[in-house]
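Chemist: Quick one, what's the 3D model for this:
(4 chains)
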Number of protein chains: 2
Amino acid sequence: MRKILLIDDEQRMLNLLELFLTPHGFACLKAESGEKGIEMIQSQQIDLVILDIMMPFMDGWEVCEMIRQQVNVPIIMLTARADKLDVVRGLDVGADDYVTKPFDEGELVARVNALLRRVHKQEDENTTVNGEFILSHDTYSLKYRHVEAYLTLKEYSIINTLISNPKRTYTREQLLRTAWDYNTYTDIRTVDSHIRNLREKLKAAGFPIEEFLHTVWGIGYKWG
Amino acid sequence: MRKILLIDDEQRMLNLLELFLTPHGFACLKAESGEKGIEMIQSQQIDLVILDIMMPFMDGWEVCEMIRQQVNVPIIMLTARADKLDVVRGLDVGADDYVTKPFDEGELVARVNALLRRVHKQEDENTTVNGEFILSHDTYSLKYRHVEAYLTLKEYSIINTLISNPKRTYTREQLLRTAWDYNTYTDIRTVDSHIRNLREKLKAAGFPIEEFLHTVWGIGYKWG
DNA sequence: CTGGTTGTTTAAGATGTCGTGAAAGCAGTG
DNA sequence: CACTGCTTTCACGACATCTTAAACAACCAG
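Modeler: Numbers count the residues shown, from 1 in each chain, chains lettered A, B, ... in the order given. Prediction:
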């Protein structure tokens, strides 16, 4: 079930949005200020944000920008008028779509669905490198030309980080941070072990892995 | 200079778009059909696509979808009416933004710029640019006209210092301080060795490095 | 031209990092 | 509780990078 965070200072609007969305199988979380919304984003996994532009204290632009600095969640902005300048500014701070008030249930749900579809589609595309590799988040497996290799949790985490940003070198530190809990004190060289296992496993599956999973001497590892 | 590919079956519209964009420093390429547009995308580096929806043979939706299967270039769609269904469908096939006809120069340019900024934001944040040279802090590499040379840690540190302040001459002393730990007593001549390695490596990659990485006799080294 | 100073090149030695193998620690399963 | 597979740790040798030293070339002043 997808979780949608609603941010609006008007209680009425929060209720309306929830009324529209819940029947279509979305779980709604409500925040009546930008600050609270940002807190909620930090504390839990949100699939999509609907954000009002006109709010006291922090307006929608600021909230949008702050969210973007932290996570890459899709954002739909609520605006009173369909102003072109608004749209341009929204693109600039990283909004993904707009809904102008007043809106009906059909339009809202259509846009939410479209955006979720787009994001998840892109996600699938993002894990496709060189058109030949596909990392599947459902099955924790890496495919190369329809040959599938199943990965363990850590192997998956590591390669997910690396493959999401090809060419970028990650330090062992950084890989630890993304694949392990924050306060666990695991040996830094554990990363090496998993890299080793990955190489072995993928080579055994017949992948040309040595061309993609590289060691960057003195720094860490990279994909591509 | 950013290259924009315009795809529209009407010659008039192609010319109008070009007329609007060229004064703002964009290089325009024109294709009067989806097929030709896709060909051009395959054959060269395009920064952004402007795509008409209403076209004979292949319409904008199809073209958009096909482009997306190949490259991740940002796409702006041109639509006759501001239909909400169009927008939703566009999001679905992977368009990034819309412009409705008729449009004026200001709006078009604003949207193009906004989209380019959004796309290149990430890239720009982690790089230092000097003319045609791009030093990437994620990949520890130096690019010159799309040719990439990977650097070792020390090489990277040194060139990072130099390129961040072009024209400024750094003494070996200063370079040591920025690239090495404070309390390490390394020979001052080590800097020379790394400079040498840099020159060799970058020359081998075909960079005109002798025009940029200069020795300042009696003092040290400088970039530019 | 000459001697002293500074920069470059070369090559060999020191350092530190990486890959490997082996084994212990865990966690889940039947 | 034994079995299995995943995760973590550790130590050794190999080797890329970094450092040092020394020979050599370029530069400058007088």
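Chemist: so A:Val112 is in which element?
Modeler: Following DSSP states H and E, one finds A:Val112 within helix A:105-126.
Chemist: what do you get for A:Ile188?
Modeler: Using DSSP H and E, A:Ile188 sits within no helix or strand.
Chemist: check contacts around the nearest residue to it once chain neighbours are set aside.
Modeler: Using C-beta to C-beta, 6 or more residues apart in numbering or on different chains and skipping the chain neighbours, the partner closest in space to A:Ile188 is A:Arg172 (4.8 Å). Using the backbone N, CA and C atoms, a C-beta is placed for each residue, glycine as well. The contact partners of A:Arg172, by C-beta atoms under 8 Å, 6 or more residues apart in numbering or on different chains, come to A:188-189, A:191-192, A:220-221.
Chemist: Filter those down to the buried ones and hand me the ChimeraX line.
Modeler: Selecting only the buried entries of the contacts of A:Arg172 in ChimeraX, with 16 or more other C-beta atoms under 10 Å in any protein chain shown as the criterion:
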select /A:191,220,221
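Chemist: ok, so of the contacts of A:Arg172, who is nearest A:Ile53?
Modeler: A:Gly220 (41.2 Å; C-beta to C-beta).
Chemist: beta partners for that closest one?
Modeler: Taking DSSP bridges as the rule, A:Gly220 bridges to A:Thr171, A:Val216.
Chemist: Am I right that it is in contact with A:Arg177?
Modeler: No - contact between A:Gly220 and A:Arg177 fails when scored by C-beta atoms under 8 Å: they sit 11.9 Å apart.
Chemist: What strand or helix carries the residue nearest to A:Lys201 when sequence neighbours are not counted?
Modeler: Counting by C-beta to C-beta, 6+ apart, A:Lys201 lies nearest to A:Ala149, which is 6.0 Å off, once chain neighbours are set aside. Counting by DSSP H and E, the element that carries A:Ala149 is strand A:147-150.
Chemist: Which elements pack onto that strand?
Modeler: strand A:141-144 (3 or more C-beta pairs under 8 Å, 6 or more residues apart in numbering or on different chains; DSSP states H and E).
Chemist: how about a cut-off of 10 Å?
Modeler: When contacts are defined as 3 or more C-beta pairs under 10 Å, 6 or more residues apart in numbering or on different chains; DSSP states H and E, strand A:147-150 sits against strand A:133-136, strand A:141-144, helix A:190-204.
Chemist: Return the list of strands paired to that strand, each annotated with direction.
Modeler: strand A:141-144 (antiparallel).
Chemist: quick one: contacts of the strand it pairs with?
Modeler: Residues outside strand A:141-144 that contact it (C-beta atoms under 10 Å, 6 or more residues apart in numbering or on different chains) are A:127-130, A:132-136, A:148-151, A:155-156, A:159-160, A:163, A:198, A:201-202, A:205-209, A:212.
Chemist: Spatially nearest residue to A:Asn197 (excluding sequence neighbours)?
Modeler: Closest residue in space to A:Asn197, ignoring its immediate chain neighbours: A:Glu155 at 6.2 Å, by C-beta to C-beta, 6+ apart.
Chemist: what about A:Asn14, how many neighbours?
Modeler: In this structure residue A:14 is Leu, not Asn. The burial count assigned to A:Leu14 is 20, neighbours taken as other C-beta atoms under 10 Å in any protein chain shown.
Chemist: Sorry, wrong one. I was asking about A:Tyr144.
Modeler: Counted with other C-beta under 10 Å, residues neighbouring A:Tyr144 total 19.
Chemist: Test of understanding: give the bridge partners of it.
Modeler: A:Phe133, A:Val147.
Chemist: any idea how far it is from A:Gly224?
Modeler: Separation of A:Tyr144 from A:Gly224 (C-beta to C-beta, to the nearest Å) stands at 14 Å.
Chemist: quick one: contacts for A:Pro74?
Modeler: Counting by C-beta under 10 Å, 6+ apart, A:Pro74 touches A:4, A:46-50, A:94-97, A:112, A:115-116, A:118-120, A:122.
Chemist: backbone phi and psi for A:Ile7, please?
Modeler: The phi/psi pair for A:Ile7 (degrees, to the nearest 10) reads phi -120, psi 110.
Chemist: Kindly apply the preceding question to A:Phe103 instead.
Modeler: Taking degrees, to the nearest 10, you get phi -130, psi 160 for the backbone angles of A:Phe103.
Chemist: how many neighbours does it have?
Modeler: 15.
Chemist: CA-only coordinates of stretch A:194-203 in CSV, if you can.
Modeler: What follows is stretch A:194-203 as a C-alpha-only set of coordinates in CSV (Å, rounded to 0.1, in the frame of the first residue of the first chain):
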residue,chain,number,x,y,z
HIS,A,194,31.0,-8.9,-0.2
ILE,A,195,32.5,-7.4,-3.3
ARG,A,196,34.5,-10.5,-3.6
ASN,A,197,31.5,-12.7,-3.2
LEU,A,198,29.7,-10.6,-5.8
ARG,A,199,32.5,-10.9,-8.3
GLU,A,200,32.6,-14.7,-7.8
LYS,A,201,28.9,-15.2,-8.0
LEU,A,202,28.4,-13.0,-11.0
LYS,A,203,31.4,-14.4,-12.8
